[in-house]
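Engineer: 3D, please:
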Amino acid sequence: MLNISHTSVSKYIDRSKYKSFKHLETRTHTRYLPKILIALFIIFILSMFLPWTQNIRSTGSVTTLNPYDKPQNIQSLIGGRMDRWYVKEGDIVNVGDTILRLTEAKAEYLDPELLANTKEQQNAKLRSVDAYNSKRNFLAEQLIALKALQVSKRQQLDIKQQQINIEITSVDQELIAAQTYAENAANQLARMEQMYDKGIKSLTDLESKRLSNREAESKLLSATNKINKLKNDKLNIEQDRAVVLSDYEQKVAKIESEIQSTDSYRFSLEGESNKLQSKYNELEQRRNAYIITSPINGRITKILKNGIGEFVKSQDDIATIVPTDYQRAVELYIQPVDMPLMKVGKQVRLQFDGWPAIIFSGWPDNSFGTYPGEVYAIDNDISENGSYRILVIENDEEKKWPDLIRIGSGARGLLLLNDVRVYYEIWRKLNAFPPDFYEPSKTKSVKNKAPIRKVK
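Structural biologist: Prediction:
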């Protein structure tokens, strides 16, 4: 009873008939409650000195470390008409397996003999190139022969000129002798005439001297004419030399011009042949592109072009393939305020969607269902969502990540920082201080792992 009224009725009630009054009178909470409160307070104080691991929480998704391990679209190199599908969604394919076969759709490529005709055109150009090569060789040989003949002709003229020079020298001597003989004959005739006038010599002697004088004059005239003729021959040889050399120079220039024209046309034919070879290679590659194959080992997840007989354009996506073997990683996004705390090699605890976990924020070692990882790379540029992206890879020395994790599945991470006491962590959060900066004593160097497979 509360006994709040001045008029008491407790004397009219038999308490022995009611169990409630017995329980109230015998309760013992007043004795144990202080002890419980004191024990809880002691436990609370002691818990303030327990170790606490500072951490940063972030969310992200599963991705791949290597770019060629990401899901990718299979594209058509050329435009064409779909003729036959060799796969369906969900099929596993290897590198080089046929995905789709196309047929030609452009009118300029419909000729079935187009490849052979292009090759024949190229062969014709090559035969023309060979013919012009032969012509050039003949012209080069003709030029060599003409230059040799020019040298020989020049030597002949030089020899003839030397002979004339020798003859001129010889005739010069004859002319000098004839001049001397003529002078002597003239002097003797003059003396003979004087002696004849005095009667010392007869008319016969005088006539004999006159005859000798005429013979001497005749010899002098003959030597003079001979020397003049040799000089004229020398001038003729020099003129012949100029004419012959000019004629040969014209012939040499003509042959060299023909060689240049031959080379020019030959180079033009070689260029056309190379163009035809490029066209042939293009046609051959186009025919090879009718068969679309898988670039990697993976699973066909989605067919983007349906039907048979439909047309596809060049570089159109026709199917999506996901690699079967890839090196997994997790991309997490952290706030800019936590960015200075990030370092390559920091430990991370991860939770994946579909794998239940019990997480103790400050005691990651006691968490259940989380998986270890370490920071592999940190972006220097902020993402569109206003956070910085980091890549976390699997820690091979500890617990393996589940094999059933798929690319794109969600993940949450606890980036582990410094170990502090609980009271310090509570004080830090109440004051909105950032986690402590620290340098780990031993940071395991993270090396770039080799790709699981190499795509050729």
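
Engineer: Now do the strands in the chain.
Structural biologist: Assigned by DSSP state E, the strands in the chain fall at 51-64, 72-75, 80-85, 92-93, 98-103, 291-293, 298-303, 311-312, 317-323, 328-334, 347-352, 371-378, 388-394, 410-421.

Engineer: Which one of the ones you listed lies nearest to Ala145?
Structural biologist: Nearest of the strands of the chain to Ala145, taken as CB to CB: strand 291-293 at 58.8 Å. (C-beta placed from N, C-alpha, C; glycine too.)

Engineer: For the closest one, which strands pair with it and how are they oriented?
Structural biologist: strand 98-103 (antiparallel) (DSSP bridges).

Engineer: Report the angle between the partner strand and strand 80-85.
Structural biologist: 130 degrees (axes from the mean of the first three to the mean of the last three CA atoms, to 10 degrees).

Engineer: follow-up on the earlier one: okay if I get the strands of the chain as JSON lines plus mean pLDDT and mean neighbour count?
Structural biologist: Output for the strands of the chain, formatted as JSON lines (pLDDT from 0 to 100; neighbours: other CB atoms under 10 Å):
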{"stretch": "strand 51-64", "mean pLDDT": "79", "mean neighbour count": "18"}
{"stretch": "strand 72-75", "mean pLDDT": "88", "mean neighbour count": "17"}
{"stretch": "strand 80-85", "mean pLDDT": "89", "mean neighbour count": "16"}
{"stretch": "strand 92-93", "mean pLDDT": "92", "mean neighbour count": "18"}
{"stretch": "strand 98-103", "mean pLDDT": "90", "mean neighbour count": "17"}
{"stretch": "strand 291-293", "mean pLDDT": "90", "mean neighbour count": "17"}
{"stretch": "strand 298-303", "mean pLDDT": "88", "mean neighbour count": "17"}
{"stretch": "strand 311-312", "mean pLDDT": "87", "mean neighbour count": "17"}
{"stretch": "strand 317-323", "mean pLDDT": "88", "mean neighbour count": "19"}
{"stretch": "strand 328-334", "mean pLDDT": "89", "mean neighbour count": "22"}
{"stretch": "strand 347-352", "mean pLDDT": "83", "mean neighbour count": "23"}
{"stretch": "strand 371-378", "mean pLDDT": "87", "mean neighbour count": "20"}
{"stretch": "strand 388-394", "mean pLDDT": "89", "mean neighbour count": "22"}
{"stretch": "strand 410-421", "mean pLDDT": "74", "mean neighbour count": "19"}
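
Engineer: List the contacts of stretch 155-168.
Structural biologist: 227, 230-231, 233-234, 237-238, 240-241, 244 (CB atoms under 8 Å, 6 or more residues apart in numbering).

Engineer: Ramachandran angles for Asn94?
Structural biologist: Main-chain torsions, Asn94, degrees, to the nearest 10: phi -110, psi 170.

Engineer: likewise Leu65?
Structural biologist: According to degrees, to the nearest 10, Leu65 has phi -80, psi -40.

Engineer: Asp69: neighbour count?
Structural biologist: 24 (other CB atoms under 10 Å).

Engineer: Give me the nearest residue to it, chain neighbours excluded.
Structural biologist: Tyr326 (3.5 Å; CB to CB, 6 or more residues apart in numbering).

Engineer: ok, the one you found to Gln351 distance?
Structural biologist: 21 Å (CB to CB, to the nearest Å).

Engineer: same check, this time on Ser268
Structural biologist: 72 Å.

Engineer: do the same with Asp381
Structural biologist: 27 Å.

Engineer: do the same with Ile56
Structural biologist: 14 Å.

Engineer: do Arg154 as well
Structural biologist: Applying CB to CB to Arg154 and Gln351 gives a distance of 101 Å.

Engineer: Also Gly90?
Structural biologist: Gly90 is 29 Å from Gln351, by CB to CB.

Engineer: rewinding a little: among the contacts of stretch 155-168, which are located in helices?
Structural biologist: 227, 230-231, 233-234, 237-238, 240-241, 244 (DSSP state H).

Engineer: Scan those residues and report the most crowded one.
Structural biologist: Leu230 (20 neighbours).

Engineer: Would you confirm that that residue contacts Val171?
Structural biologist: Yes - with contact defined as CB atoms under 8 Å, Leu230 counts as touching Val171 (6.0 Å).

Engineer: where does the stretch 151-300 of the chain have low pLDDT?
Structural biologist: By pLDDT under 70, the stretch 151-300 of the chain has no low-scoring segment.

Engineer: just the helices in it please.
Structural biologist: Along the stretch 151-300 of the chain, counting by DSSP state H, counting those that start in this stretch, helices occupy 203-288.

Engineer: what do you get for the stretch 351-456 of the chain?
Structural biologist: Going by DSSP H, counting those that start in this stretch, the stretch 351-456 of the chain shows helices at 422-430.

Engineer: List the residues that contact Leu206.
Structural biologist: By CB under 8 Å, 6+ apart, the neighbours of Leu206 are 192-193, 196.

Engineer: Output the below-cut-off pLDDT ranges for the stretch 351-456 of the chain.
Structural biologist: For the stretch 351-456 of the chain (pLDDT under 70), the answer is 356-369, 416-420, 425, 428-429, 431-456.
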